[in-house]
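Engineer: Give me the fold of what follows.
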Amino acid sequence: MRTRALLLLTVLLAPITYAATTKTKALPNGIQATASGVTVQVTALRDDGGLVTVTTFGRRILAVERGDTALMKFGLAVDVGTTSVVTTLLELESGEQLASVSSLNPQAVFGGDLMSRIAFAQFNPVNLRKLTTRILGLLNQHIEQVCREAGVLPKWVYKVVVVGNTCMHHLVLGIDPSHVGLAPYAPVMRHALVTTARELTPA
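Structural biologist: Just a heads-up that it's a prediction; the model follows:
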């Protein structure tokens, strides 16, 4: 069995996995399997002579794949700018860039500059949701496009790092940016955040 784990930075928009490998017939100490993970593991062990690739995050098992898929690990670097958004697909082992796409930020229909968008979303959850939905929709399109161009299955994109200015950071995460535009201009968050695609989806 191969195990892998990954230190994740900022925002995850896809299922999580990857990292240091070790061969063993049992789960490493401290690793805990979910009920579904155990079921898949037993099936995989029976079908493939005991060789599986286990995907972990911290001490949790998130996925178990038949055979050795340790090299099938890809990531995305995303720059969310006020005007444009750039997404690049990379092979995590080598860092090689496989595909890249850029588009205008679709939030521009609600305001061409930061202050216009802050004013649009200011203390208005409905408008904030519109801004967040627009950018997440574009990111999903970008992921589909770069994976298609590179011939990579989306399920093998395990890590996505998204960067942007303070306002874009808030809007991607669905956080009210109102106070970013009001003295003393204090953001709700000043640090990176690790999350999942499911948690980013607007309610």
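Engineer: Assign a three-state SS to Gly137, would you?
Structural biologist: The three-state label given to Gly137 by DSSP: H, G, I helix; E, B strand; the rest coil is helix.
Engineer: tell me the phi and psi of the residue nearest to Met115 when sequence neighbours are not counted?
Structural biologist: Leaving out its chain neighbours, the residue that sits closest to Met115 by C-beta to C-beta, 6 or more residues apart in numbering is Gly181, at 6.0 Å. For glycine as for every other residue, the C-beta is placed from the backbone atoms N, C-alpha and C. The phi/psi pair for Gly181 (degrees, to the nearest 10) reads phi -100, psi 10.
Engineer: wait, Gly181 sits on Phe120?
Structural biologist: No - judged on C-beta atoms under 8 Å, Gly181 makes no contact with Phe120 at a distance of 10.6 Å.
Engineer: so what's Leu89 up against?
Structural biologist: 74-76, 97-100, 146-147, 149-150, 152, 157 (C-beta atoms under 8 Å, 6 or more residues apart in numbering).
Engineer: Wait, a strand at it?
Structural biologist: Yes - Leu89 sits within a strand when classified using three-state DSSP.
Engineer: who's it bridged to?
Structural biologist: In this entry, Leu89 is beta-bridged to Leu76, Ala99, by DSSP bridges.
Engineer: how about the helices in the chain?
Structural biologist: 35-47, 114-121, 125-150, 166-173, 197-200 (DSSP state H).
Engineer: so which pair among the contacts of Leu89 is furthest apart in space?
Structural biologist: Spatial extent of the contacts of Leu89 (C-beta to C-beta) is set by the pair Gly75 and Glu149 at 15.6 Å.
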